[in-house]
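>>> the following comprises the amino acid sequence and a computationally predicted model.
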Amino acid sequence: MGQKGKISNAVLHKRFFAAVLIGAGVFLGGCRERNVNFVTIGTGGVTGIYYPTGVAISRMVNKKFDEYRIKATVESTSGSVFNVNAVLIGDLVFGVVQSDRQYQAYNGLAEWSRLGKQTELRSVFSIHPESITLIASERSGIREIKDLKAKRVNLGNPGSGHLQNSKDVLEAAGLTEKDLSAEHVKAVEAPGLLQDERVDAFFYTVGHPSSNIKEATSGRIKVFIVPIRGPDIDKMLEKYPYYAESTISHSFYRYALNTEDIETIGVKATFVTSKKVDEDIVYAITKEVFENFEDFKALHPAYKVLTKQNMLKGLSAPIHKGALKYYKEAGLDKYIDSELIID
């Protein structure tokens with residue numbers, strides 16, 4: 001067997017080595033297939049609608065974990081400004097952001113005026129309408145915006161969308177923060193401050209019905225939801241294209257002193273991401289929301305007004321290519337502003 005045996009052993013060694021390489025390749029390929037994409041969704045305070053919106057979306061995607069290999073989690077944050085910035089630097093993958101803040105970030109306005117245009121911001125879809133809501137105690141005598149002068153008013157915490165909204169409303173009425181005693185606490189704290197008579201009123205931009213507003217209207221101190229309307233507000237709507245007229249049903253808050261629906265203005269909640277986020281991840285998120293649309297609408301009363309068409313309105317940053325891929329497949333791309341299709 002001498003020479004013949006040596007050749008056979010060499011062949012065997014080569015075959016064994018090849019088998020090891022093939023096995024390793026299969027194993028490594030399997031590891032790649034089993035890679036998990038961890039996705040964090042930035043929302044807002046737990047009493048608003050941003051948080052349950054994020055929870056609903058994460059649950060939809062997590063149910064399809066075997067298909068998408070995406071593990072989505074939700075983070076309660078200080079709001080729109082934080083979410084935009086965190087998405088752009090990669091600390092968050094998605095964020096729920098007011099439509100006005102999306103507009104300002106992409107166009108380099110407000111908090112982004114020094115940084116310039118945030119052109120890597122991308123839209124995925126819009127969600128529910130959000131009304132600028134002003135709650136005032138009965139004793140304060142506040143019945144319109146101009147009555148806020150010299151009163152104690154919570155305008156909203158830094159980094160929140162509703163802080164800028166309250167400033168815009170004050171400006172429209174010819175007021176500034178200096179004309180009143182301004183507070184800047186989170187929305188979750190505001191009902192307690194009002195009921196403890198530590199503030200006379202507070203602003204909150206939110207979808208309705210809201211547990212925050214229910215808390216504020218159900219305590220010992222009787223409250224009034226103040227209409228935001230008039231010629232000054234009409235001029236504001238002309239100045240800022242992302243604001244629109246809105247109505248709050250008084251039936252949502254039976255303990256408030258209002259007997260009629262409340263006229264106000266509002267924005268939309270939008271779902272955003274970064275241009276850098278993988279197309280497949282954005283595609284999966286978009287598909288699950290739209291393919292389970294009726295289930296999504298049933299998750300909160302504020303979603304009842306949603307249609308697939310209006311979820312593509314109120315956007316100002318370009319549509320992410322992963323979302324656009326789904327919209328084209330579903331025949332929904334015709335509802336998107338053509339200027340937002342750039343990728």
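Structure's in. What do you need? Numbers count the residues shown, from 1 in each chain.

>>> just the CA atoms of whichever helix or strand Lys328 is part of, as PDB, please.
Lys328 belongs to helix 321-330 when assigned by DSSP states H and E. Output in PDB follows, covering the C-alpha atoms of helix 321-330 (Å, rounded to 0.1, in the frame of the first residue of the first chain):
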ATOM      1  CA  LYS A 321     -36.900  54.500  -0.600                       C
ATOM      2  CA  GLY A 322     -38.000  51.500   1.500                       C
ATOM      3  CA  ALA A 323     -41.400  53.000   2.100                       C
ATOM      4  CA  LEU A 324     -41.700  54.100  -1.500                       C
ATOM      5  CA  LYS A 325     -41.000  50.500  -2.600                       C
ATOM      6  CA  TYR A 326     -44.100  49.300  -0.700                       C
ATOM      7  CA  TYR A 327     -46.200  52.200  -1.900                       C
ATOM      8  CA  LYS A 328     -45.400  51.500  -5.500                       C
ATOM      9  CA  GLU A 329     -46.300  47.800  -5.000                       C
ATOM     10  CA  ALA A 330     -49.600  48.700  -3.300                       C
END
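
>>> packing partners of it?
The helices and strands touching helix 321-330, judged by 3 or more CB pairs under 8 Å, 6 or more residues apart in numbering; DSSP states H and E, are strand 121-137, helix 279-291. Bear in mind the C-beta positions are built from the backbone N, C-alpha and C, glycine included.

>>> CA atoms only: put the first one into CSV for me.
Which is strand 121-137. What follows is strand 121-137, C-alpha atoms only, in CSV (Å, rounded to 0.1, in the frame of the first residue of the first chain):
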residue,chain,number,x,y,z
LEU,A,121,-34.3,63.1,7.2
ARG,A,122,-36.8,60.9,5.5
SER,A,123,-40.6,60.5,5.8
VAL,A,124,-42.3,57.1,6.2
PHE,A,125,-45.9,58.0,6.7
SER,A,126,-48.2,60.4,8.7
ILE,A,127,-50.5,59.2,11.4
HIS,A,128,-53.2,61.0,13.3
PRO,A,129,-54.1,64.7,13.4
GLU,A,130,-53.0,66.5,16.5
SER,A,131,-54.8,69.6,17.8
ILE,A,132,-53.2,72.4,19.7
THR,A,133,-55.1,72.2,23.0
LEU,A,134,-55.3,74.9,25.6
ILE,A,135,-56.7,73.9,29.0
ALA,A,136,-57.5,76.6,31.5
SER,A,137,-59.0,76.6,35.0
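
>>> helix or strand right after that strand?
strand 152-154.

>>> what's that following strand in contact with?
Residues from elsewhere that reach strand 152-154 (CB atoms under 8 Å, 6 or more residues apart in numbering): 166, 180-185, 190, 193, 198-203.

>>> could you chop the chain up by domain?
As assigned by automatic domain parsing, the chain contains the domains 33-129+269-340, 130-267.

>>> would JSON lines of the ones you listed with mean pLDDT and mean neighbour count be doable?
As requested, the domains of the chain are exported to JSON lines (pLDDT from 0 to 100; neighbours: other CB atoms under 10 Å):
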{"stretch": "domain 33-129+269-340", "mean pLDDT": "93", "mean neighbour count": "20"}
{"stretch": "domain 130-267", "mean pLDDT": "95", "mean neighbour count": "19"}
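
>>> before we move on, back to that, now the angle from the helix holding Lys328 to helix 279-291?
50 degrees (axes from the mean of the first three to the mean of the last three CA atoms, to 10 degrees).

>>> what is the orientation angle of helix 321-330 with strand 121-137?
90 degrees.

>>> what's the spacing between helix 321-330 and its chain's center?
Its chain's C-alpha centre and that of helix 321-330 lie 20 Å apart, by CA atoms, centre = their mean, to the nearest Å.

>>> please apply the same query to stretch 254-267.
Put simply, stretch 254-267 sits 23 Å off its chain's centre (CA atoms, centre = their mean).

>>> against Glu279, how distant is Asn157?
Using CB to CB, to the nearest Å, Asn157 is found at 34 Å from Glu279.

>>> Leu332 now?
Counting by CB to CB, the separation of Leu332 from Glu279 is 17 Å.

>>> Thr264 too?
Taking CB to CB, one finds Thr264 at 38 Å from Glu279.

>>> circling back: for the contacts of strand 152-154, which one is nearest Lys214?
For the contacts of strand 152-154, the minimum distance to Lys214 (CB to CB) is 12.8 Å, reached by Ala190.

>>> got a list of contacts for the helix or strand containing the closest one?
Using DSSP H and E, Ala190 falls within helix 190-195. For helix 190-195, the external contacting residues (CB under 8 Å, 6+ apart) are 135, 137, 154, 183, 185, 199-202, 204, 212-213, 215-216, 219-221, 223.
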